[in-house]
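>>> what shape does this take:
(2 chains)
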Amino acid sequence: MVLGVFLPVAFAVGIAARKPVPLANGLAAALTATTQEFNNIEWQRADLFAKSSVQVRLLREQNGAGKFAVAFSAANIFLKPDLLVYWVAGNSSITDTLPGNAQLLGAFNSSSALVLPAEAATQTGVLILYSLADNEIVDVSKPIRFNESTR
Amino acid sequence: MSVEYKSVQWNRQKRLYDFTLVGGVAAYLVIFGAVTEFLFPFVTEEILLMRAFGTAAFLLLHIILCIGPLCRLNPKCLPLLYNRRHAGVTCFLLALVHAVLVVATYHAGGDINPILSIFVSSPLTGSVAGVPFQPFGFFALVILFLLAATSHDFWLANLTAPVWKALHMGIYFAYALLVLHVTFGTLQGETSWFYVVATAAGLVTVLGLHFLAARKEIALDGEIKNNVADEFLDACAVADIPENRARIICLSGERVAIFKYDGRISAVSNVCQHQNGPLGEGKIVSGCITCPWHGYQYVPETGASPPPFAEKIPTFNVRVKNGRVWIHPQPNPAGTKTEPGLIEI
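The predicted model follows:
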């Protein structure tokens, strides 16, 4: 008897309280899944990371204009769980903890480019590879400013 | 207990029942997988299996819960009641596979104990929609495990029938937890109204059948307020009772089954000692009252199971006068021998 009253009420409350699932066209521009095209390869380097054999490509929306992005490729032996990529302004030495001003670029993978913040083109900074699962910094790149034409 | 009782009895009906049960579950899983692959090809294998086993367990629980009231409403459904415990164990196993897949997929691999993760992975947010749904499923699984583990007659005999029955009424609590688990879990993320309507239809079916069965039971429970003579109440006409069957009346809130057999009338408590089955809906087989649920038997005059079994139910003193059955409202202690009323010719 109690369940006969309680269950329909709980069910109705649960359904009434459902939050609408956001649709893609209702999201803020920054959250939409529209893909940005980074077709121009500015440079490609394999020496940015000392401990990892990771190749970094600097991409740009248009030739000589637009936002920058970085893309990664690595040997199959470079396997780290839940690897994330951060950019940090400055060239201070970073060893074991993420600094508070680290900006998340995205998950490390070889299939998509990660858009760099605008500051990365105007000031020197480093890329950090961080394993979320292991809760540790895997590697830190050499300091670099991304609008420099390098190689 | 039934004189024909055997602890393990794989008769044709039981094999057919189990074959239908296993075949039905297997068919459901295959069809669910095929439909999901067709409609949602992006779903991973883990998620597909998780959903298939979870929905199979939830659906089977609905069927199990509907069997009881269906039998109250129509005795033709009684064969479904036979071996219902196998369906219950199957339901637990399906839910267990679902739970293992969920824990392995969502709660293992981190630095938190997987079981602890069930309770801390969705902290309270203060909103109704954010109610953590995983603990509901966890506790429902614990209840289903307890019921499955104690489903054998060994536990029925050792826990005693009232305790066993009370424990197994926990199935309703498990159902409530699972409705909450689904409502605050899957239904919060699914945009399609199909899932909401399907869950609501299941809830309405289970509650509706129980309501209808209860209404029928209440109608049976109308107290007889007829003539009284020498403390005996006028219960019914002898002609109202079919041969080798019973008429159920209500005395002081308790149901009494008045049986007619071999020119005699006897009255006993309507409640079987096995699982509280409705003895008055059974019949006389080989001179014994036979419970329609599981075949437990009692001698009508004594309310005692034939030797070597020891179950006993209360009896009532009866008289037959001028074609009417008169019954004393005070029950005799269980197993007390009474003189049957002799039908006048």
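
>>> burial count for A:Ala71?
Other residues lying near A:Ala71 total 18 when counted by other CB atoms under 10 Å in any protein chain shown. Every residue, glycine included, has its C-beta placed from N, CA and C.

>>> sticking with it, tell me its helix or strand.
Per DSSP states H and E: A:Ala71 is located in strand A:65-74.

>>> residues touching the residue nearest to B:Arg247 when sequence neighbours are not counted, list them.
Among residues not flanking B:Arg247 along the chain, B:Ile241 sits closest, at 4.7 Å (CB to CB, 6 or more residues apart in numbering or on different chains). Contacts for B:Ile241 were tallied using CB atoms under 8 Å, 6 or more residues apart in numbering or on different chains; they are B:Arg247, B:Ile258, B:Phe259, B:Lys260, B:Ile265, B:Val325.

>>> go again using 10 Å as the cut-off
Applying CB atoms under 10 Å, 6 or more residues apart in numbering or on different chains to B:Ile241 gives the contacts B:Ala235, B:Arg247, B:Ala257, B:Ile258, B:Phe259, B:Lys260, B:Tyr261, B:Ile265, B:Val325, B:Ile343.

>>> ok, now A:Pro99?
So A:Pro99 contacts A:Tyr86, A:Val88, A:Ala89, A:Gly90, A:Ser92, A:Val126, A:Ile128 (CB under 10 Å, 6+ apart).

>>> tell me if the helix or strand hosting the first one is near chain B.
I take that to be A:Tyr86. According to DSSP H and E, A:Tyr86 maps onto strand A:83-89. No. Remark: strand A:83-89 sits outside contact range of chain B, by CB under 10 Å from any CB of the partner chain, the gap being at least 14.9 Å.

>>> and that strand, which strands flank it?
With DSSP bridges as the test, strand A:83-89 is paired with strand A:103-107 (antiparallel), strand A:125-131 (antiparallel).

>>> now the two most distant members of the contacts of A:Pro99.
Maximum pairwise distance among the contacts of A:Pro99 (CB to CB): 13.8 Å, between A:Tyr86 and A:Ser92.

>>> quick check: B:Phe259 is in a strand.
Yes. Remark: B:Phe259 belongs to a strand, assigned using DSSP: H, G, I helix; E, B strand; the rest coil.

>>> ok, and the closest non-adjacent residue to the residue positioned nearest the centre of chain A?
Nearest to the mean C-alpha position of chain A, counting by CA atoms, centre = their mean, stands A:Gly106 at 1.4 Å. Excluding the flanking residues, the one nearest A:Gly106 by CB to CB, 6+ apart is A:Leu114, at 4.4 Å.

>>> and that neighbour, how many neighbours does it have?
By other CB under 10 Å, the burial measure for A:Leu114, its neighbour count, is 22.

>>> that one and B:Leu146, how far apart?
With distances taken as CB to CB, to the nearest Å, A:Leu114 is found 51 Å from B:Leu146.

>>> what's the answer for A:Ala46, then?
In this view, A:Ala46 and B:Leu146 are 60 Å apart by CB to CB.

>>> give me the more crowded residue out of the two.
It is B:Leu146, of A:Ala46 and B:Leu146, that has more neighbours when counted by other CB under 10 Å, with 15 against 11.

>>> dump the residue contacts of that one.
B:Phe92, B:Leu167, B:His168, B:Gly170, B:Ala174.

>>> emit the ChimeraX select command for whichever of those are buried.
Buried members of the contacts of B:Leu146, defined by 16 or more other CB atoms under 10 Å in any protein chain shown, are picked up in ChimeraX with:
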select /B:92,167,168,174
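
>>> determine which two of the contacts of B:Leu146 are furthest apart.
Greatest spatial distance among the contacts of B:Leu146 (CB to CB): B:Phe92 and B:Leu167, at 14.2 Å.

>>> counting neighbours, what do you get for the residue in the stretch 1-150 of chain B that chain A sits nearest to?
Nearest residue of the stretch 1-150 of chain B to chain A, counting by CB to the nearest CB: B:Val128, 3.6 Å away. Burial of B:Val128 is recorded as 15 neighbouring residues (other CB under 10 Å).

>>> pLDDT score assigned to the residue nearest to it when sequence neighbours are not counted?
Nearest non-adjacent residue to B:Val128, counting by CB to CB, 6+ apart: A:Ala17, 3.6 Å away. If you check A:Ala17, the pLDDT there is 85.

>>> no more questions from me, cheers.
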